[in-house]
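Enquirer: Sequence and predicted structure below; questions after.
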4 protein chains.
Amino acid sequence: MADGEEGIGRQVIAGAGEWEGWTLIRGGDPFEDLTGPFYMREEPDGTRRSAFRAETKHLNGSGNLHGGCLMTFADFSLFMIAHEALNGVESVTVSLNGEFVGPAREGDLIESAGQVVRAGRSLVFIRGIISSGGEPMLSFSGVVKKLRPRST
Amino acid sequence: MADGEEGIGRQVIAGAGEWEGWTLIRGGDPFEDLTGPFYMREEPDGTRRSAFRAETKHLNGSGNLHGGCLMTFADFSLFMIAHEALNGVESVTVSLNGEFVGPAREGDLIESAGQVVRAGRSLVFIRGIISSGGEPMLSFSGVVKKLRPRST
Amino acid sequence: MADGEEGIGRQVIAGAGEWEGWTLIRGGDPFEDLTGPFYMREEPDGTRRSAFRAETKHLNGSGNLHGGCLMTFADFSLFMIAHEALNGVESVTVSLNGEFVGPAREGDLIESAGQVVRAGRSLVFIRGIISSGGEPMLSFSGVVKKLRPRST
Amino acid sequence: MADGEEGIGRQVIAGAGEWEGWTLIRGGDPFEDLTGPFYMREEPDGTRRSAFRAETKHLNGSGNLHGGCLMTFADFSLFMIAHEALNGVESVTVSLNGEFVGPAREGDLIESAGQVVRAGRSLVFIRGIISSGGEPMLSFSGVVKKLRPRST
C-alpha cells in the first residue's frame, strides 16, 4: 500500500465464515485486490491485526509462500498498524525491510501484528512480525511518510 | 522467488513484440504468474536485467505502482542477478531491504539491474536498483541462502 | 561484535555504583573497549538487557548520540540478546538494519532489549529496540551466522 | 554523523604522508574523533570517497574489523556521499542498513564509495560499498533527512 484511506471504489466489507469479526478492504488498491484478500481486525486495545489464508496463487515453486507475497502483506500491514498515527493522511512507504525466518504452506493462516515504534510529524516508524500458527515467518520494519493533506 | 531453478511446469518462453530479445519464465512460481509477467534478458557481459510493463493490477489506490509489487519484482530480481552465483542450487531469500525513492504509473516500463556484491559458500549478497525511464524507483539489497542440493 | 565468546584477555567484571547488578565485559573486543563500556544484565526470564551511560565521546556535532554509536551498541546488543541461541559458537553479523527514531543527549542512560525471532541451525534472527527513559531511539534487526565450532 | 556541516571546533585538515590529497575533518563529531580519523577525498567528478586505516582499536575479538566500526564508517560515509545534495543543511540519519560481506584485518586500508540514489526535498537516499583492497566488506544503504535550515 502507498496510500492511507484513498481509492475510488474502496469498499469496507464485513468478513463471514472463518473471517467473522474481520474486515476486508477491497476496491482501493488493485494490487491488493490481486494478491489478497487481506483481512484486518481491530483489537480491544486499538491495535490492528491483519491476516489472510495462503492459497496456491501465493506460493513459489517450492510450494512455500513467495517472498514477494510476504513483503506485499508486510507493506499492507504497515498501514494497518500505523492506522491511528497516519490519521487518514495520504502516506507512502519510504523503506521496508524484511527478514525471512520461516516458511508457510498452502492452507496456512498467515497473520501479522506490530507496533508503531514512533510517530513523528512526517515520518512514522513501524515494526511487526508475520507469523503462522504462532511460528514467525517474517520480521519486518518500515518507515512511512505522511504527505501533505490535500485541500478539499 | 524462493527457489533457483525448480518448479513443475516451468516454461521458458521467448518474448515477442516489445519483448523481443527477452525471456519469460512461467509456470514455476504461482505468485509470479499472478503478479507478472516478469521478463529477463541476459546481457553480453553475463549480467541479467529484468523488466515488466506496469498494468492497472500493479497499482495502489493513488495510481502509483504498489510497494508490494516493487518488492515482489525486487525478490524476483535477486534471483536473476544472482543466477550465476546460485548455479542452479535451490535457494531462499534470507533478507530483503528496499528504499522507495520514486513513483511509477500505469504503462511505464519497469526495469531492474544489479550486482552480486559477494558470493559466499552458502550466502549470496545482492544489491540492485529498480528504475523507470532512467529514474530510480527502488534501491534494494538482499541476502540469498543456498540450500543443500537435493539428491536425485 | 563479530564473535560469541572469544577474545584473549576477556574479563567479566561485576558493575558497581549505578551498575550494581550489571556485568561489564572488557578486554574481548578492542572496539567495544573504545566505544563502551557497555553493560549487560540477565533478567530472571533469561533475556539479556544491555545499557551504557551517554558520554561526550558518544556524541555528534549536534550534541546528540552519534548514529554510529547507536549502531555499535545495536551490534553489541545482537550478541547479548542471542546469547543463549548462539551457545558459545563463534558467530558473525550478517546484516544489521536500524531506524533512528529519536535522539539522546549526554548523561542519558541508553538501554537495549530485544528477542530472538528465530534461531536456525546456522542463522539467528534478532530484533530489538534501543531506548532512553522509556523513549525509543533505534529500532534494529539483525542476522547473525554461527560459524563452525573450532576444534580444540 | 547526524549533522551536515555543524560543530563547534570543527577543523578541516589536509592529510599528509599516505593521506596526501585527502582531507581530515576533526573536532566536529566527538564519536568520529574517537573512532576515526576518517579521511575524505573529492574526486574530479565531484563524488567523495572516504577512507581510514584499520588499527587495533577498530577490531573485534577475532581480530577482524568490528561491525560497529563498519557501521560508524558507513554513517560517516552517508554524509560524505550526500554532501552536495545536503548542501549544508543540518541533517540526520533516518535509517541505515548494512550487509557484512567480508572481513578486514589490522593495517588494511578501508575505503567507501557510493552514490545518491535520489535527493528529494526532505529525504536523501544513499547507497554505497565499503571495501578493502578491492574486496567488498559492507554493502550499505541509508536515508538522511534534511532538517529545516536554522535562521541566522
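Expert: Done, it's in.

Enquirer: Buried residues of stretch A:57-69, list them for me.
Expert: A:His58, A:Leu59, A:Asn60, A:Gly61, A:Ser62, A:Gly63, A:Asn64, A:Leu65, A:His66, A:Gly67, A:Gly68, A:Cys69 (16 or more other CB atoms under 10 Å in any protein chain shown). C-beta: built from backbone N, CA, C; applies to glycine.

Enquirer: Is the closest residue to chain D within chain A within a helix or a strand, and which one?
Expert: Closest contact between chain A and chain D, by CB to the nearest CB, is at A:Ser95 (5.6 Å). For A:Ser95, the element it lies in under DSSP states H and E is strand A:91-100.

Enquirer: got it, and A:Asp33?
Expert: For A:Asp33, the enclosing helix or strand under DSSP H and E is helix A:30-35.

Enquirer: now the next helix or strand after that helix: mean pLDDT?
Expert: Remark: after helix A:30-35, the chain's next helix or strand is strand A:39-42, criterion DSSP H and E. For strand A:39-42, mean pLDDT is 95.

Enquirer: quick one: strands adjacent to strand A:39-42?
Expert: strand A:23-26 (antiparallel), strand A:48-53 (antiparallel) (DSSP bridges).

Enquirer: Out of these, which gets the lowest mean score?
Expert: strand A:23-26 (a mean of 90).

Enquirer: Can the longest helix belonging to chain A be said to contact chain B?
Expert: When chain A is parsed with DSSP state H, its longest helix is helix A:67-81. Yes - under the criterion of CB under 8 Å from any CB of the partner chain, chain B is reached by helix A:67-81 at A:Gly67, A:Gly68, A:Cys69, A:Met71, A:Thr72, A:Phe73, A:Ala74, A:Asp75, A:Phe76.

Enquirer: got a markdown table for those, with pLDDT and distance to B:Val101 too?
Expert: Output for these, formatted as a markdown table (pLDDT from 0 to 100; distance: CB to CB, whole Å):
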| residue | pLDDT | distance to B:Val101 |
| --- | --- | --- |
| A:Gly67 | 97 | 21 |
| A:Gly68 | 97 | 19 |
| A:Cys69 | 98 | 23 |
| A:Met71 | 98 | 17 |
| A:Thr72 | 98 | 19 |
| A:Phe73 | 98 | 22 |
| A:Ala74 | 98 | 19 |
| A:Asp75 | 97 | 15 |
| A:Phe76 | 97 | 21 |
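
Enquirer: and the gap between A:Asp108 and chain B?
Expert: 14 Å (CB to the nearest CB, to the nearest Å).

Enquirer: With just CA atoms, put the longest helix of chain A into PDB.
Expert: C-alpha atoms of helix A:67-81 as PDB (Å, rounded to 0.1, in the frame of the first residue of the first chain):
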ATOM      1  CA  GLY A  67       8.800 -13.800  -0.600                       C
ATOM      2  CA  GLY A  68       7.100 -11.100  -2.600                       C
ATOM      3  CA  CYS A  69       3.800 -12.200  -1.200                       C
ATOM      4  CA  LEU A  70       5.100 -11.800   2.300                       C
ATOM      5  CA  MET A  71       6.600  -8.400   1.500                       C
ATOM      6  CA  THR A  72       3.300  -7.300   0.000                       C
ATOM      7  CA  PHE A  73       1.400  -8.400   3.100                       C
ATOM      8  CA  ALA A  74       4.000  -6.600   5.200                       C
ATOM      9  CA  ASP A  75       3.500  -3.400   3.200                       C
ATOM     10  CA  PHE A  76      -0.200  -3.700   3.700                       C
ATOM     11  CA  SER A  77       0.400  -4.400   7.400                       C
ATOM     12  CA  LEU A  78       2.500  -1.200   7.900                       C
ATOM     13  CA  PHE A  79      -0.600   0.900   7.100                       C
ATOM     14  CA  MET A  80      -2.900  -1.200   9.200                       C
ATOM     15  CA  ILE A  81      -0.500  -1.000  12.200                       C
END
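
Enquirer: Direction-wise, compare it with strand B:91-100 and give the angle.
Expert: 40 degrees (axes from the mean of the first three to the mean of the last three CA atoms, to 10 degrees).

Enquirer: got the contact list for the residue nearest the centre of chain A?
Expert: With distances taken as CA atoms, centre = their mean, the residue of chain A nearest its centroid is A:Ser77 (2.1 Å). When contacts are counted by CB atoms under 8 Å, 6 or more residues apart in numbering or on different chains, A:Ser77 touches A:Ser50, A:Ser112, A:Gly114, A:Gly128, A:Ile130, A:Phe140.

Enquirer: rerun at 7 Å
Expert: Going by CB atoms under 7 Å, 6 or more residues apart in numbering or on different chains, A:Ser77 touches A:Ser50, A:Ser112, A:Gly114, A:Gly128.

Enquirer: A strand includes the third one, no?
Expert: Yes - when classified by DSSP: H, G, I helix; E, B strand; the rest coil, A:Gly114 is found to be part of a strand.

Enquirer: what are the bridge partners for it, then?
Expert: Assessed by DSSP bridges, A:Gly114 has beta-bridge partners A:Gly128.

Enquirer: Now for it, how many residues are close by?
Expert: A:Gly114 is flanked by 24 other residues according to other CB atoms under 10 Å in any protein chain shown.

Enquirer: how much space between it and C:Gly114?
Expert: 15 Å (CB to CB, to the nearest Å).

Enquirer: re earlier: just the buried subset of the contacts of A:Ser77, written out for PyMOL, thanks.
Expert: Buried residues among the contacts of A:Ser77 (16+ other CB under 10 Å), as a PyMOL selection:
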select buried, chain A and resi 50+112+114+128
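
Enquirer: Export the contacts of A:Ser77 to TSV and append columns for distance to C:Gly15.
Expert: Output for these, formatted as TSV (distance: CB to CB, whole Å):
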residue	distance to C:Gly15
A:Ser50	43
A:Ser112	39
A:Gly114	34
A:Gly128	34
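
Enquirer: so which of the buried residues of stretch A:57-69 also contact chain C?
Expert: Among these, none lies close to chain C by the criterion of CB under 7 Å from any CB of the partner chain.

Enquirer: any residues touching stretch A:125-142, and which ones?
Expert: Residues contacting stretch A:125-142 (CB under 7 Å, 6+ apart): A:70, A:73-74, A:77-78, A:81-82, A:93, A:95-102, A:104, A:108-118, A:143-144, C:97, C:99, C:101, C:117-118, C:125, C:127, C:139, C:141.

Enquirer: if we can go back for a sec, could the residues of helix A:67-81 next to chain B be laid out in CSV, adding distance to A:Gly36?
Expert: Shown next, in CSV, are those (distance: CB to CB, whole Å):
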residue, distance to A:Gly36
A:Gly67, 17
A:Gly68, 14
A:Cys69, 10
A:Met71, 14
A:Thr72, 9
A:Phe73, 8
A:Ala74, 13
A:Asp75, 12
A:Phe76, 8
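
Enquirer: and these as CSV, adding distance to chain D?
Expert: Shown next, in CSV, are the residues of helix A:67-81 next to chain B (distance: CB to the nearest CB, whole Å):
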residue, distance to chain D
A:Gly67, 16
A:Gly68, 19
A:Cys69, 22
A:Met71, 15
A:Thr72, 20
A:Phe73, 21
A:Ala74, 15
A:Asp75, 16
A:Phe76, 20
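
Enquirer: And the residues you listed, which is closest to D:Gly15?
Expert: Nearest to D:Gly15 among those, counting by CB to CB, is A:Met71 at 43.8 Å.

Enquirer: Count the residues that sit near that closest one.
Expert: By other CB under 10 Å, neighbour count at A:Met71 equals 28.

Enquirer: Over to A:Gly15?
Expert: 16.

Enquirer: What sits closest to it if chain neighbours are left out?
Expert: A:Trp22 (3.8 Å; CB to CB, 6 or more residues apart in numbering or on different chains).

Enquirer: residues in contact with that neighbour?
Expert: A:Gly15, A:Tyr39, A:Met40, A:Arg41, A:Ala51.

Enquirer: give me that answer again for 10 Å
Expert: A:13-16, A:37-42, A:49-52 (CB atoms under 10 Å, 6 or more residues apart in numbering or on different chains).

Enquirer: With A:Trp19 instead?
Expert: Going by CB under 10 Å, 6+ apart, the list of residues near A:Trp19 reads A:Ile13, A:Pro37, A:Tyr39, A:Arg41, A:Ala51, A:Phe52, A:Arg53.
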